[in-house]
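Visitor: Okay, here's the prediction I keep looking at, along with the sequence it came from:
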Amino acid sequence: MQWMGIQDLGTFVAAVIVFLAIPGPGTFSLLTATGKGGPRAGYATLAGLALGDQILMWLAVIGVAALLKANLVLFGLVKYAGAAYLIWIGVQLLWQRGEGTGPVRMETGRYFRQGILVTLLNPKAIIFYMAFFPLFIDPAHHQGLATFATMAALIAVITLLYCSLLILTGHAMSQRVRQQPRLRRWLQSLAGVFLVGFGVRLGTG
């Protein structure tokens, strides 16, 4: 399904959900803040995380837009590189034992600021978005800024819905994931399988 220049919209939405479900600094900062300060602290952190994501997404859009305009062949190469990157992330998750994703320290009263920093100080995030966007842009039907804005808005809405679920169940879920390494490992493995599958599908589609 193609919509607003977004190729395979269903896969795009599913991929965003999988990425959000991967246990990482953003997830644990959200759960930690909710556990300490309740839903209000959770949403303050979410606002910071979302703003950081939007900043990185639009930085990625600048690069993707320039590449798309300059050379469709090079754009295609970036698309294949992005597919390979998704597969690499998936394989990494399948091999990890889960020790590296621990709780994030959150200070009371600074949830919004810390949420932004958790996203912006992740050196892999901008690379991820640069790889992710080309995978779902249809060069023949893209509508420039409107296509990128639609993708960014969809990511923001999906993030709000998913993270709201985390906030509402945050404290109990946080304790369970921290105390049960097998659950964390299972979530990582499931996300890894999906990412490898997405990478193969998008790279050969």
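Guide: Perfect, thanks for sending it.

Visitor: so where does G26 fall, helix or strand?
Guide: In this structure, G26 sits in helix 25-70 according to DSSP states H and E.

Visitor: Any idea how many residues pack against the nearest residue to I89 once chain neighbours are set aside?
Guide: For I89, ignoring the flanking residues on the chain, the nearest one in space by CB to CB, 6 or more residues apart in numbering is L195 at 5.3 Å. For the C-beta atoms, the positions are set from N, CA and C on the backbone; glycine is no exception. L195: 24 surrounding residues under other CB atoms under 10 Å.

Visitor: Please pull up the helix or strand immediately following the least confident helix or strand in the chain by mean pLDDT.
Guide: Ranked by mean pLDDT, DSSP states H and E, the weakest helix or strand in the chain is helix 170-179, scoring a mean of 62. Next helix or strand after helix 170-179 toward the C-terminus (DSSP H and E): helix 181-204.

Visitor: Now do that next one: which elements does it pack against?
Guide: helix 9-21, helix 72-95, helix 170-179 (3 or more CB pairs under 8 Å, 6 or more residues apart in numbering; DSSP states H and E).

Visitor: go again using 6 Å as the cut-off
Guide: If you count contacts as 3 or more CB pairs under 6 Å, 6 or more residues apart in numbering; DSSP states H and E, helix 181-204 packs onto helix 9-21, helix 72-95.

Visitor: Can you spell out which helices and strands pack onto the longest one?
Guide: Put plainly, it is helix 72-95. For helix 72-95, the elements it packs on are helix 125-135, helix 181-204, judged by 3+ CB pairs under 6 Å, 6+ apart.

Visitor: again, only this time at 10 Å
Guide: helix 9-21, helix 25-70, helix 125-135, helix 181-204 (3 or more CB pairs under 10 Å, 6 or more residues apart in numbering; DSSP states H and E).

Visitor: Look up how far L165 lies from the residue nearest to I89.
Guide: In this view, L195 and L165 are 21 Å apart by CB to CB, to the nearest Å.

Visitor: Please report phi then psi for I137.
Guide: phi -100, psi 130 (degrees, to the nearest 10).

Visitor: what does I6 give?
Guide: In terms of degrees, to the nearest 10, the main-chain angles of I6 are phi -90, psi 120.

Visitor: so what's it up against?
Guide: By CB atoms under 10 Å, 6 or more residues apart in numbering, I6 lies in contact with 12-13, 133, 136-138, 141-143, 147-148, 150-151, 154.

Visitor: Give me the pLDDT for it.
Guide: For I6, the pLDDT comes out at 83.

Visitor: same check, this time on R97
Guide: The model reports R97 with a pLDDT of 57.
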